[in-house]
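> return atomic coordinates for the entry below.
(chains A and B)
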Amino acid sequence: MRRLLLGLSCAAALLQAAAVDRSQPPVTPPIPDVKLPSREEFKLPNGLTVVVAKDARFPLLTVRLAFMAGSKYDPQDLPGLSDSVAALLNQGTASRTARQIAEQAADLGGQIVSASRHDDLTVSGSCLSTTAADFLALVADVVQHASFPDDEVDLQKQNRLQVLRGERAEANYLGQEALSAALFGSHPYAHIGPTEESIAKLSKESLKTFRDTYLVPNNAYLILVGQVPPDAQLKALLTAEFGTWQKKDLPKYDPPALPANRKQLLLVDRPGSVQANIFSAHLAPNRTSPEYFPLALGNTVLGAGLDSRLFNDIREKRGYAYDAHSIYTPMQETAYVSAVTQVRNEVVEPAVQALNDDLAAMATTDVTSREMTQAKNAYAGSFILRLERQSGLADQIVTVQTMGLPANYLEMFTTHIRSVEPDQVRTTGKYWAPDNATVVVVGDAQKIKKSLEKYGTVELVKPPR
Amino acid sequence: MKFSFCLLLTAALAAAAPPKINIPIEKYKLDNGLRVILSEDNTLPVVAVYVVYDVGSRAEEKGRTGFAHLFEHMMFEGSANVKKGEHMRFVESNGGTLNGSTHPDYTNYFESLPSNKLAVGLWLESDRMRSLAITPENLANQKEAVKQERRLSFDNQPYATAIVDKWPQMVFKNWQNSHSLIGSFEDLNSATIDDVSKFFKTHYAPDNAVLTVVGDIKIADAKKLIETYFGDIPQQTKPKRPDLAEPPGASSSSDTYKDPLAKVPGVIVGYPGPERGSDDYYALVVLDALLTGGDSSRLQLNLVKGKKSVIQYQGDLGWPFASADDYRDPGQYATFFIYNPSFQANQIVDQYQDEIAKIQKEGITDVEIRRAVTLLLTSKLNELQTSLGRARLLAGFELLDGKPQNINTVLDRYAAVTPERVQAVAKKYLTAERRTFLAIQPDPGAKTAVPATKGGF
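Okay, here's the model as predicted:
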């Protein structure tokens, strides 16, 4: 009897198989809404902001401790200081050697890594949730009592220099370095890393001073996602580990004004390059602007993913490049957009033309309704997909906190994206306009300078080394 | 809760009871030979559709290098009902992401989607398995894309030529293993429509593939949809497996590559690895975690810190194209070092060999082995968080072992490794007599050699 039933259901499936019309895509319901795990936010008396999101799916705890202490706070003569503080935080404290920190983190099923970006310096880690108490104690020790031992500072100086030389061997890094300098002028966003000189000057004192100035609780956001200890236990734990940390007034941060967008054409000479890396960029509004959502959608249509205008034109239609894309990088004070491609030397001239045409079209024509729907759905879907990992949610909460966004920003994100109209996208097309773009090309000047001269006066830049 | 982990409170400190992973697995086969693995988890409305074909660069024939990779590109160029370029369009407009990549032993294609879009993923994957559009225009266009990928990802990158072209030729004698993954421009240029059609028919058949669907599904509904879309794709004659065997016996060798793009010297050191799935294999993975995993690894503490000679390193069973999970023998256990230029390559090799010698002589402690196993556990947990991560592991274990359930037992195998076994594999495999190394010397005046490789889409 059982067998018979199975046979019947099999036949039913086969019947259905015959009925499907493969010439049409399957009809499916709209992308579902998804509820974010609720977050609890509170402050310790010393000003440390804590955000907790419970997510019980995995026996892991993900931790972020973000400080407003990114590269823009580097002293003028010490670019890269924030980056070195991040690298050295877990290399020794008053009570633990670097080795003890590394071994203890590993025993807890965890690791601690820190990174400095434009605005923030964020300590990131995760551990088996059963070891949460010990792991949080370790994080607390690292951020409050890092001792920057002499031999670790020396090693950092020695190795960071070699890493910088390695980075500068790569065309993409050379391009990013030149692009930031050209876009941001005298604003501290202009540097993306250290220089050989600033690495040589790095000292224990400068590291400690930076730590004592910026790594203070009233300048920090602690984010916990995953299997979090019960509330009472967590509060006691946080008070014990972070409660005695002294708050401190922060120095006034008063950066020079950002330059206006202006036409610039820079060629970074990289002899022997078999291709040219092209960047075309503008300063643009950040996440707090009403133009953010239209510009984000425009960026998606123009150059995100594998069905964008740049990808379809420069790679698929013309075959100039393997990669052609655009990025929108919002920061705290501003943002920049850039279109990026790498083309073989022989096609530099037509490739720049094609790129400029694609960029100019953003301000002169509306995106199609198909492009609009696709971009909106791509956002809605990726929002759900990002929630699969604890780190996906934790990093979004870091963005909300460090960029000063409303508490319901994540809940409202998809709604804001869905409400954008094509004419709003077209209005933000001005942020792509070739006539006031900062263009940086990295390549063999002997082979490509002539091709570029068609597009304006080429300013030749020698790479730093 | 589909995942049930029984973590003891002291899981990290007590090696005796590793946490249990229970990923549900439903495995069956369609009449046309397509192997299907389903795994349900309804916690988020997400689904991963993952198709892996049992063909990689090691299955290529002489004169046809780069076909596996060229094919990966062709798979995005359209099929009977999906026009050129529409594949990305359908996935993105349904809120999904996609990719594909070529490996020595397999080629994969996958989508992550909101779960109510499952049918779209199945429709797309089945349409190209059934009816890929192999046209002269698509072929010409993708030959160019592959060449441009080579220029971008290899010919213009420091270390890449040494790693992807030179290294395999040093460590493998059998052409199947040693030839270029991205292929020579010559072979790519001479590829005809007939060649490509034949390759498709031979290797991209349902009985040479595994379909994995993981996430927010209902098993019965998913089965019905899969039968609908894949059930009547015709079966083909199974391709002959390539003979990958290396000549017996291992020898030592060394060479230097002058790299015009590198600014900092590097060196690759490797040894022939064990049989996949053997006791030695699991012990060597634990040894690798102990040597190279995290800030507390021996290489970090003793070479980066102690000797201040090494700057960065990465090692893996199957490096550079595979990792322990998708390693297939014959393969290498290799480690790549970037080091301080005040040292010489042979000093780095000696220091590394000395670290191994310490383990060969003195063995390792219980604390160290627990730490290594904990590291393997947490990195696996991180991988399992996404439906795509679970799909990839399930498909890989099916393809390489015929046992998707290894996803639930692999950590037990690591946890069962004893310090004595680690010492034994260090002695058996990582000896100077079996060692190959390739020094990469920065040389701005050197000419780029162009032999060959692979890459993601």
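
> which residues in the stretch 151-300 of chain B form strands?
Taking DSSP state E, counting those that start in this stretch, the strands of the stretch 151-300 of chain B run over residues B:209-215, B:253-259, B:266-272.

> winner for burial among those strands?
Across those, averaging neighbours per residue (mean count of other C-beta atoms under 10 Å in any protein chain shown) puts strand B:209-215 on top, at a mean of 28. C-beta coordinates here come from the backbone N, C-alpha and C atoms, glycine included.

> pull the number of nearby residues for residue 283.
Here I'm looking at chain A. Applying other C-beta atoms under 10 Å in any protein chain shown, we find 20 residues neighbouring residue A:283.

> ah, I was thinking of chain B
26.

> circling back: quick one: the strands of the stretch 151-300 of chain B as TSV, columns for distance to residue A:436 and mean pLDDT too.
Below are these laid out as TSV (distance: least, C-beta to C-beta, whole Å; pLDDT from 0 to 100):
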stretch	distance to residue A:436	mean pLDDT
strand B:209-215	46	98
strand B:253-259	39	97
strand B:266-272	42	98
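
> rebuild those strands as TSV, extending it with distance to residue A:404.
As requested, the strands of the stretch 151-300 of chain B are arranged in TSV below (distance: least, C-beta to C-beta, whole Å):
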stretch	distance to residue A:404
strand B:209-215	35
strand B:253-259	46
strand B:266-272	43
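
> nearest to chain B: which residue in the stretch 251-400 of chain A?
Minimum separation of the stretch 251-400 of chain A from chain B (C-beta to the nearest C-beta) falls at residue A:381, amounting to 2.1 Å.

> what's the local residue count around the closest residue to residue B:64 other than its chain neighbours?
Spatially, and ignoring its direct neighbours in sequence, residue B:64 is nearest to residue B:187 (6.1 Å; C-beta to C-beta, 6 or more residues apart in numbering or on different chains). A count of nearby residues for residue B:187, using other C-beta under 10 Å, gives 21.

> can I assume residue B:187 is in contact with residue B:61?
No. Using C-beta atoms under 8 Å, residue B:187 makes no contact with residue B:61, being 9.9 Å away.

> just the helices in the stretch 351-465 of chain A please.
For the stretch 351-465 of chain A, the helices defined by DSSP state H, counting those that start in this stretch occupy A:369-386, A:390-402, A:409-418, A:422-427, A:445-453.

> may I see the ones you listed arranged in CSV, with mean pLDDT and mean neighbour count as well?
Compiled in CSV, those are given as follows (pLDDT from 0 to 100; neighbours: other C-beta atoms under 10 Å in any protein chain shown):
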stretch, mean pLDDT, mean neighbour count
helix A:369-386, 95, 20
helix A:390-402, 97, 20
helix A:409-418, 94, 16
helix A:422-427, 98, 17
helix A:445-453, 97, 18
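
> these: which one's closest to residue B:29?
helix A:369-386 (29.6 Å; C-beta to C-beta).

> rewinding a little: got a list of what the residue of the stretch 251-400 of chain A closest to chain B touches?
Residues in contact with residue A:381, defined by C-beta atoms under 8 Å, 6 or more residues apart in numbering or on different chains, are A:31, B:92, B:94, B:95, B:96, B:97, B:113, B:114.

> count of neighbours near whichever residue of the stretch 101-250 of chain A sits closest to chain B?
Nearest residue of the stretch 101-250 of chain A to chain B, counting by C-beta to the nearest C-beta: residue A:102, 3.6 Å away. By other C-beta under 10 Å, the residues close to residue A:102 number 23.

> what's in contact with the host helix or strand of it?
Here residue A:102, judged by DSSP states H and E, is contained in helix A:98-107. For helix A:98-107, contacts defined as C-beta under 8 Å, 6+ apart pick out A:90-93, A:96, A:111-112, A:125, A:127, A:134-135, A:138, A:141-142, A:149, A:152, B:12-13, B:294-296, B:300-301, B:305, B:367, B:370-371, B:374-375.

> number of residues surrounding the closest residue to residue B:155 other than its chain neighbours?
Distances taken as C-beta to C-beta, 6+ apart put residue A:274 closest to residue B:155, at 5.2 Å, once the chain neighbours are dropped. Look at residue A:274: counted by other C-beta under 10 Å, it has 20 neighbours.

> wait, residue A:274 touches residue A:343, no?
No. Between residue A:274 and residue A:343 there is no contact under C-beta under 8 Å: 10.6 Å.

> now do the contacts for residue 274.
As the question left the chain open, I've gone with chain A. Taking C-beta under 8 Å, 6+ apart, one finds A:344, A:345, B:151, B:155, B:156, B:448 in contact with residue A:274.

> my question was about chain B
B:280, B:281, B:284, B:329, B:425, B:429.

> from residue B:177, how far out is it?
16 Å (C-beta to C-beta, to the nearest Å).

> do residue B:294 as well
Residue B:294 is 30 Å from residue B:177, by C-beta to C-beta.

> what about the chain, any weak spots by pLDDT?
Let's take chain A. Counting by pLDDT under 70, chain A shows low-confidence ranges at A:1-18, A:465.

> to clarify, I was referring to chain B.
For chain B, the ranges with pLDDT under 70 are B:1-19, B:448-457.

> any idea how far the closest residue to chain A within it lies from residue A:237?
With C-beta to the nearest C-beta, the shortest gap between chain B and chain A falls at residue B:95, namely 2.1 Å. With distances taken as C-beta to C-beta, residue B:95 is found 39 Å from residue A:237.

> before we move on, back to that, out of the helices of the stretch 351-465 of chain A, which gets nearest to residue A:247?
Among the helices of the stretch 351-465 of chain A, the nearest to residue A:247 by C-beta to C-beta is helix A:390-402 (17.1 Å).

> and the contacts of that closest one?
Under the contact criterion C-beta under 8 Å, 6+ apart, helix A:390-402 has outside partners A:36-37, A:39, A:49, A:51, A:53, A:55, A:58, A:60-64, A:66, A:68, A:119-120, A:122, A:124, A:126, A:221, A:223, A:225-226, A:287, A:332, A:385-387, A:405-407, A:409-410, B:385.

> list the buried residues in the helix or strand where residue B:311 lies.
For residue B:311, the element it lies in under DSSP H and E is strand B:310-317. By neighbour count on 16 or more other C-beta atoms under 10 Å in any protein chain shown, the buried set for strand B:310-317 is B:310, B:311, B:312, B:313, B:315, B:316, B:317.

> pick the one among the residues you listed closest to residue B:25.
residue B:317 (24.4 Å).

> which ones are touching that closest one?
Applying C-beta under 8 Å, 6+ apart, the residues near residue B:317 are B:273, B:281, B:284, B:285, B:288, B:323, B:324, B:327, B:331, B:333.

> now it: how far from residue A:38?
With C-beta to C-beta as the criterion, residue B:317 and residue A:38 are 42 Å apart.

> out of everything not next to it in sequence, what's closest to residue 389?
I went with chain A, as the question did not name one. Using C-beta to C-beta, 6+ apart, the closest residue to residue A:389 is residue B:385 (4.7 Å).

> chain B was what I was after
Excluding the flanking residues, the one nearest residue B:389 by C-beta to C-beta, 6+ apart is residue B:383, at 4.3 Å.

> before I go, just wanted to say thanks for your time.
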